[in-house]
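**Student:** sequence unavailable; structure follows:
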């Protein structure tokens, strides 16, 4: 049943029917109310096409909670309806109240009728009702994560003679530290004012003013694509009336129910659970029945015993590294395809974390791991450091140019050279890779033989991620198998017989740590000490409405100022903070200053690479050390941000790529790598599919998804609903995972 409901929800289409009108009646009488702030009941009636041809006299019974259509047809204008209300006591009609004005409805029109105790005498009476009609024409059409609110200020007798004097002030409670007196744009339609709530993911503080005087103020919670009626209820009493004081309360009622925000999120969770179960079953079958693969490939005509044995002996590749890299690229593609437009999946508006904020640093973390394996692989081939550095430089240039090329594909009419974005994702990856690869080549020794031990030169190609008995840091001498290289000394190998062993990894990599410290200090000095025209020194806010709207042009502080100064208009035009904080200046999340700290993210991956290589013979030791680093970086990050997602000494911020952001995301990367390493390489519980295949062609899948992202089956025109967009993101991501599986099956691998 749940599956059917999910399926139907994805293809549900709401089509407005212009042959009907819609009336809602809200009972606000005190004796009928179940809550101090809610109407007692809401009666709804759709007037269909036949009623427009032969209109009825509609009678609503407030106590029986249902309406009664009079059988006596009254011939009136087809677009006029006479509405009356009656009160029943013990099934006897005690009072019948016709509204003072005729309600004229056309097909597609909407109206709200509010009924309350008659307070004109100062006290509620037993048998008197008062009512007002709010005619607001066609139904508003709020967008995704938006809501439309219909303000109905009419009352009997009228106290708001000029509806244009109303002013609506609203503030998003999710906008921390924002300016509060933000006037919302309103539109007068017949008897009502209509305004839009542009972010229903958070509660809103709404204040209604009339002629600069506050009428009412409440905090409301709105739903996605919902339509609400806001009525001003008179709350005066006899004493207040005599003194001329008038007070009102705001009553918010649902005119059109919002869409189910949470239902679509269960679809990917259900698919993920089923997928994990399927992979586990297949891996267990492959482990329990090793000949299954041979039988299947034989029937397909693809079994080659010689090739299988050669592949098995030549490489014992660390599948966990490809799996983690593939998982990161899969989530990155899913996020780039929208992720269903859920706010917690997308990037945080400014300070804080969303799911999307983890995947980029995870991928860069794996870049650091690959640097260690690649450099040591080439050193083992006796490749000169000069040649390695040349390859590193060429790869950096390729990544940068591809990134700039991808930036040219966004505008539908072709790139505008004056607005062609220069920074980008691949550019940041390329820069961070270049710095970390250079310091790895320059300061990590080439492991050569010492006293006849461990100097075997490789004669077979070694992949960047190959992990076999030819070794990386750890070598064996065939004649002395007990003598192993287990430590470092600059310029030569170190054996277990070498005196004064026990030098720590930190000691032997001190030049790298100095460079890391310099990059961190440089970021901190520029961010917190550099003067910025028109902005406070050390400003790290979002600008716009943030910080009470005092610094609207200071988005990103020093980071934003540097990018706008150097790149001018050749940067990102729609930062994540623009919608919530109403920012008015551009900001690039992959700018120059943040790239300094991105180098630190890659270097945390370099440390993980060192751990994996140095603990080759002890996989439990690898897992323990990764978990220790996960705990250490997590504690450092928590201290920097004081355990807060949006505050602390150094807030967590992906746009600024702050040190706290680096530590927190690196902590999750260490922990996740330890988990995948345990499941895939240590215990062999799962084989890593399909993410392992995606990890072998990660850059190709990323570039492909970017270039072909607007083509079917990765993208198609659909409704702006969470359900439809979630389906599209899942189909697009799964399609690229299938592409990765196909390329892996064909042994096709693209590298830069």
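**Tutor:** That came in fine, so what should we check first? Computed from a predicted structure; not experimentally measured.
**Student:** quick check: bridge partners of residue 251?
**Tutor:** When assigned by DSSP bridges, residue 251 has beta-bridge partners residue 231.
**Student:** I figured residue 208 hits residue 231, correct?
**Tutor:** No. Using CB atoms under 8 Å, residue 208 is not in contact with residue 231, being 10.6 Å away. (Each C-beta comes from the backbone N, C-alpha and C, glycine too.)
**Student:** give me the common contacts of those two.
**Tutor:** Common neighbours of residue 208 and residue 231 are listed as residue 250 (criterion: CB atoms under 8 Å, 6 or more residues apart in numbering).
**Student:** which SS class is residue 563?
**Tutor:** For residue 563, the assignment made with DSSP: H, G, I helix; E, B strand; the rest coil gives helix.
**Student:** spatially nearest residue to it, not counting backbone neighbours?
**Tutor:** residue 591 (4.0 Å; CB to CB, 6 or more residues apart in numbering).
**Student:** same deal with residue 699?
**Tutor:** residue 752 (5.9 Å).
**Student:** now that neighbour: how far from residue 698?
**Tutor:** 10 Å (CB to CB, to the nearest Å).
**Student:** the more surrounded of the two?
**Tutor:** residue 698 (24 against 15; other CB atoms under 10 Å).
**Student:** give the contact list for residue 585.
**Tutor:** By CB under 8 Å, 6+ apart, the contact set of residue 585 is 543, 552-553, 555, 560, 564.
**Student:** ok, now how distant is it from residue 437?
**Tutor:** Residue 585 is 35 Å from residue 437, by CB to CB.
**Student:** how many neighbours does the residue found closest to residue 546 once you drop the neighbours it is linked to in the chain have?
**Tutor:** Of all residues not flanking residue 546 in the chain, residue 581 sits nearest, at 5.1 Å (CB to CB, 6+ apart). For residue 581, the count of nearby residues is 27 (other CB under 10 Å).
**Student:** I'd guessed residue 581 sits against residue 199; true?
**Tutor:** No. Proximity of residue 581 to residue 199 does not meet the contact threshold set by CB under 8 Å, at 11.0 Å.
**Student:** ok, now which ones touch residue 393?
**Tutor:** So residue 393 contacts residue 434 (CB under 8 Å, 6+ apart).
**Student:** for residue 213, see how far away it is.
**Tutor:** Using CB to CB, residue 393 is found at 68 Å from residue 213.
**Student:** tell me the SS of residue 164?
**Tutor:** helix.
**Student:** same check, this time on residue 174
**Tutor:** Under three-state DSSP, residue 174 comes out as coil.
**Student:** residue 580 is in contact with that one, correct?
**Tutor:** Yes. With contact defined as CB under 8 Å, residue 174 counts as touching residue 580 (6.7 Å).
**Student:** more neighbours: which of the two?
**Tutor:** Neighbours per residue (other CB under 10 Å) separate residue 174 from residue 580, with residue 580 holding more: 24 against 15.
**Student:** and that one, what element?
**Tutor:** Using DSSP states H and E, residue 580 falls within helix 578-581.
**Student:** contact partners of that helix?
**Tutor:** By CB under 8 Å, 6+ apart, helix 578-581 touches 172, 174-175, 178, 198-199, 349-350, 542-546.
**Student:** widest-spaced pair of the contacts of residue 585?
**Tutor:** When CB to CB is used, the two most widely separated members of these are 552 and 564, lying 14.2 Å apart.
**Student:** for the stretch 601-750 of the chain, what spans make up the helices?
**Tutor:** Applying DSSP state H, counting those that start in this stretch to the stretch 601-750 of the chain gives helices spanning 619-641, 659-676, 691-696, 698-707, 722-745.
**Student:** go on, the stretch 301-450 of the chain?
**Tutor:** Going by DSSP H, counting those that start in this stretch, the stretch 301-450 of the chain shows helices at 305-314, 319-336, 356-380, 385-407, 425-443.
**Student:** so can I have a markdown table of these showing mean pLDDT?
**Tutor:** Formatted as a markdown table, those follow (pLDDT from 0 to 100):
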| stretch | mean pLDDT |
| --- | --- |
| helix 305-314 | 53 |
| helix 319-336 | 91 |
| helix 356-380 | 91 |
| helix 385-407 | 92 |
| helix 425-443 | 93 |
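**Student:** reformat those as JSON lines; add distance to residue 654.
**Tutor:** Below are these laid out as JSON lines (distance: least, CB to CB, whole Å):
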{"stretch": "helix 305-314", "distance to residue 654": "40"}
{"stretch": "helix 319-336", "distance to residue 654": "12"}
{"stretch": "helix 356-380", "distance to residue 654": "4"}
{"stretch": "helix 385-407", "distance to residue 654": "18"}
{"stretch": "helix 425-443", "distance to residue 654": "12"}
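**Student:** of all those helices, which lies closest to residue 630?
**Tutor:** The nearest among the helices of the stretch 301-450 of the chain, by CB to CB, is helix 356-380 at 11.5 Å.
**Student:** how much space between the closest residue to residue 644 other than its chain neighbours and residue 261?
**Tutor:** With sequence-adjacent residues excluded and distances taken as CB to CB, 6+ apart, residue 644 is closest to residue 651, at 7.5 Å. To residue 261, residue 651 is 28 Å away according to CB to CB.
**Student:** the two: which has the busier surroundings?
**Tutor:** More crowded of residue 651 and residue 261, by other CB under 10 Å: residue 651, with 21 against 17.
**Student:** hmm, that one is touching residue 546, no?
**Tutor:** No. Counting by CB under 8 Å, residue 651 does not reach residue 546; the two are 11.9 Å apart.
**Student:** that older thread, quick check: neighbours shared by residue 174 and residue 580?
**Tutor:** In terms of CB under 8 Å, 6+ apart, residue 174 and residue 580 are both contacted by the residues 199, 349.
**Student:** contact partners for residue 677?
**Tutor:** 318, 320, 612, 619, 622-623, 626 are the contacts of residue 677 under CB under 8 Å, 6+ apart.
**Student:** ok, residue 616 to residue 373 distance?
**Tutor:** Counting by CB to CB, the gap from residue 616 to residue 373 is 11 Å.
**Student:** nearest spatial neighbour of residue 223, skipping sequence neighbours?
**Tutor:** Spatial nearest neighbour of residue 223, chain neighbours left out: residue 258 (2.5 Å); criterion: CB to CB, 6+ apart.
**Student:** phi first, then psi, for that neighbour.
**Tutor:** phi -70, psi 160 (degrees, to the nearest 10).
**Student:** quick one: contacts for it?
**Tutor:** Counting by CB under 8 Å, 6+ apart, residue 258 has contacts 147, 200, 222-226.
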